[in-house]
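**Student:** What follows is a protein structure lacking sequence information:
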Ligand SMILES: [Zn+2]
């Protein structure tokens with residue numbers, strides 16, 4: 001998204017191109033609106049309320065239908081030059097691998113996003129009763145229940161998925177040397193501790209020893225939807241900022257001792 005113009009430039013899961021979302025919403029909602037990217041929102045949620053609180057360098061890995069990474073570097077949100085940083089889900093994991101809806105082949109997302117996990121299951125066991133062909137949530141729920149009861153196909157699918165995920169996350173560990181990697185969003189929440197254990201083991205195999213030793217890998221402790229919480233945080237930040245600006249203006253005219261608005 002372009003935050004300044006309020007345009008959703010590209011949303012691959014909905015096939016949106018240059019939708020003027022802020023203008024469309026403003027016609028119906030009479031309050032200040034803030035448009036931002038879900039990867040940024042979930043990173044802010046972890047920074048304010050979750051596993052990245054008080055951390056300087058953190059990577060928030062979103063595992064849902066889509067996949068991406070929110071980056072907190074040197075204590076702040078890292079956006080990149082055009083607010084597009086963290087599109088890790090569309091980095092290449094397998095050369096000439098599965099076709100991705102972004103148009104490339106072998107992207108991380110095609111192996112560890114919910115549709116990718118369904119494909120991992122289908123390739124392993126095409127007629128598995130765990131597979132609900134048109135229903136991502138039901139399939140991930142079935143896998144989670146299967147792992148809990150030791151169902152071999154479910155255990156193998158989660159392990160295979162964790163191997164892909166571990167290879168991808170080890171790149172993030174080597175690149176950013178974060179204090180913490182947070183596994184966030186609904187697929188991570190549903191597959192939970194069994195996925196986390198396998199991912200830690202896979203990252204250990206792929207990452208360099210020193211950055212791996214400095215990195216914690218945890219599940220998000222946020223019990224609600226982290227993207228919604230982060231989006232609400234952007235609105236709160238906006239409100240605080242506007243209060244700060246009003247206070248600063250008043251302060252400058254009345255008393256010269258105050259130098260900075262509250263942050
Ligand atoms: Zn892609």
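**Tutor:** Alright, I've got the coordinates. Note that the structure is predicted; figures quoted are calculated from it, not measured.
**Student:** going forward, measure contacts and count neighbours with C-alpha atoms only.
**Tutor:** Noted.
**Student:** Specify the beta-bridge partners of residue 10.
**Tutor:** Beta bridges link residue 10 to residue 17, judged by DSSP bridges.
**Student:** close enough to count as contact, it and residue 21?
**Tutor:** No - the pair residue 10 / residue 21 is not scored as a contact, 11.3 Å apart, by CA atoms under 8 Å.
**Student:** residues from the chain in reach of the ion?
**Tutor:** By the rule CA under 5 Å from the ion, the part of the chain lying against the ion is 90, 100, 102, 107.
**Student:** so what's the first one closest to, chain neighbours aside?
**Tutor:** Counting by CA to CA, 6 or more residues apart in numbering, residue 90 lies nearest to residue 107, which is 4.8 Å off, once chain neighbours are set aside.
**Student:** List the residues that contact the one you found.
**Tutor:** 89, 90, 91, 92, 93, 94, 97, 98, 99, 100 (CA atoms under 8 Å, 6 or more residues apart in numbering).
**Student:** okay, and for this structure, where does confidence drop off?
**Tutor:** Per-residue confidence for the chain (pLDDT under 70) gives these ranges: 247-263.
**Student:** Of the contacts of residue 107 - the most surrounded one?
**Tutor:** In terms of neighbours by other CA atoms under 10 Å, the contacts of residue 107 top out with residue 89 at 23 neighbours.
**Student:** ok, that one - contacts?
**Tutor:** 66, 67, 68, 69, 107, 108, 109.
**Student:** How much space separates the first one from residue 196?
**Tutor:** Distance, residue 66 to residue 196, by CA to CA, to the nearest Å: 18 Å.
**Student:** What is the burial count for residue 4?
**Tutor:** Counted by other CA under 10 Å, the residues lying close to residue 4 total 10.
**Student:** And residue 25, by the same measure?
**Tutor:** Per other CA under 10 Å, the neighbour tally for residue 25 reads 11.
**Student:** Surely it is within a helix?
**Tutor:** Yes - counting by DSSP: H, G, I helix; E, B strand; the rest coil, residue 25 is part of a helix.
**Student:** Can you give me the distance of it to residue 40?
**Tutor:** For residue 25, the distance to residue 40 (CA to CA) stands at 20 Å.
**Student:** OK, contacts around the most centrally placed residue in the chain?
**Tutor:** What sits nearest the mean C-alpha location of the chain, by CA atoms, centre = their mean, is residue 62, with 2.6 Å. Applying CA under 8 Å, 6+ apart, one finds that residue 62 lies in contact with 39, 42, 68, 69, 70, 183, 184, 185, 188.
**Student:** and which of these is nearest to residue 145?
**Tutor:** residue 188 (13.9 Å; CA to CA).
**Student:** Please name the spatially closest residue to the closest one (chain neighbours excluded).
**Tutor:** residue 63 (5.8 Å).
**Student:** was I right about the one you found contacting residue 187?
**Tutor:** Yes - Residue 63 is within contact range of residue 187, at 5.4 Å (criterion: CA under 8 Å).
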